[in-house]
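1. Compute the structure for the input listed below.
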Amino acid sequence: MNARGIRATPSLCLAALLILIFDALVTAQTPEFDPMERGRALTQAFYAGEIANVVEAFDASMREAVGGVEGARAFYEQVRMDLGDETDVVNETVRQEGGHTVYLRAARFARAEQPFTVLWAFHATGRVAGFSIRGATSSPSEAPSRYLDYATRTRLRLPFRGEWLVVWGGRTVEENYHAAHVDQRFAYDVAVEVEGARHRGEGTRNEEYHCWGRPVLAPGSGIVVVARDGLPDNAPGRMDPTAPPGNHVVIDHGNGEYSFLAHLQQGSVAVGRGDSVSQGLAVGRCGNSGNSSEPHLHYHLQDSPRFGEGEGIPAPFLDYVANGLPVRRGEPVQGQRIRPGGSGGR
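-> Modelled structure (predicted):
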């Protein structure tokens, strides 16, 4: 793989500094390391000013692009001057982009009003292929959509019982990274949070996560067109980019709208292709299969039954409670605690 880089100097825009432009994509591979932990460790090393150790983790192209230790230290000094100390981690995620495993960390800083995103792109060996700290102005933009004002036909209920946290949700990339992707333009990721944490203990086992094994329900009636099971659940922090949705169910609602319920627990899918399902029927259990770094439920609506094809459609839910307030019809957004209203909440 050949790469062109931008040499790091203090005069360069912070948003553009240290971003590599790749000429060719490599085939996605399952990493031989824990990308979540490696991203965290490198971020802390950078914050601590351990620049030589950070640059040692770069591949040759990255070291040349950044200007070695001298260039990386200039970037460090600029970050310290412009942003100050990190004060809060908004969220962390790992995903596959351009054949690399990418660790993303949305964080707040003492001298910045808006969150910034710390990005590390890794080869399968753990070597750093790209690094950036980007503000909102340099974040990916929302994918174009012809469905922004679309009146969704399917009457949807929340696909679970009890209260869940919206980890990703909304129509902007700041609150929902899915919004940058055409097919998942209006997608949601939800999990269960108890006393400010999504898991008990260290969170190294799936069983420690509060949402693990909880029933996943059909949000609307229809016919099952995809029911995949048998993929193993990942250990937290690891992902399977070869099967992005993991074990999943796709429901045809009969009006050009298809529900996708992804990352289900291995062995839990309770429906088969061709089955007729009613709204609220349990179709599986929350798991951690596919391109998922921790147990959670991914849900989106689109106009095609094939994952990665077609366009996302807004998925407004009916009769639910968000942060304690009743919502007759709405689209949950990041940070809201949501549960079905009335008897559906049990």
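
2. Would you map the helices across the chain?
-> Secondary structure of the chain, counting by DSSP state H: helices at 35-47, 51-56, 60-66, 68-82.

3. hey, least reliable of the ones you listed by pLDDT?
-> In terms of average pLDDT, helix 60-66 trails the rest of those, at a mean of 85.

4. Just give me how far that helix sits from the chain centre.
-> Averaging C-alpha positions (Cα atoms, centre = their mean, to the nearest Å) puts helix 60-66 28 Å from its chain's average.

5. Next, the buried residues of it.
-> The neighbour-count check on helix 60-66 (16 or more other Cβ atoms under 10 Å) flags 61, 62, 63, 65, 66 as buried. Placement of C-beta: from N, CA and C, glycine included.

6. tell me which strands and helices that helix is in contact with?
-> Judged by 3 or more Cβ pairs under 8 Å, 6 or more residues apart in numbering; DSSP states H and E, helix 60-66 is in contact with strand 3-4, strand 128-134.

7. And the strands in the stretch 51-200 of the chain?
-> Using DSSP state E, counting those that start in this stretch, the strands of the stretch 51-200 of the chain run over 86-97, 100-109, 116-122, 128-134, 164-168, 188-191.

8. The longest one pairs with which strands, parallel or anti?
-> I take that to be strand 86-97. strand 100-109 (antiparallel) (DSSP bridges).

9. how far off strand 128-134 does the partner strand point, in degrees?
-> 30 degrees (axes from the mean of the first three to the mean of the last three Cα atoms, to 10 degrees).

10. How far away from the center of its chain is strand 100-109?
-> 11 Å.

11. Let me know the angle separating it from helix 68-82.
-> 30 degrees.

12. got the buried residues for strand 100-109?
-> Within strand 100-109, the residues scored as buried using 16+ other Cβ under 10 Å are 100, 101, 102, 103, 104, 105, 106, 107, 109.

13. Surely residue 270 touches residue 282?
-> Yes - in this structure, residue 270 is within contact of residue 282 by Cβ atoms under 8 Å, at 6.0 Å.

14. about what we covered before: ok, the buried residues of helix 60-66 vs residue 176, which is closest?
-> When those are compared for distance to residue 176 (Cβ to Cβ), residue 62 wins out at 29.3 Å.
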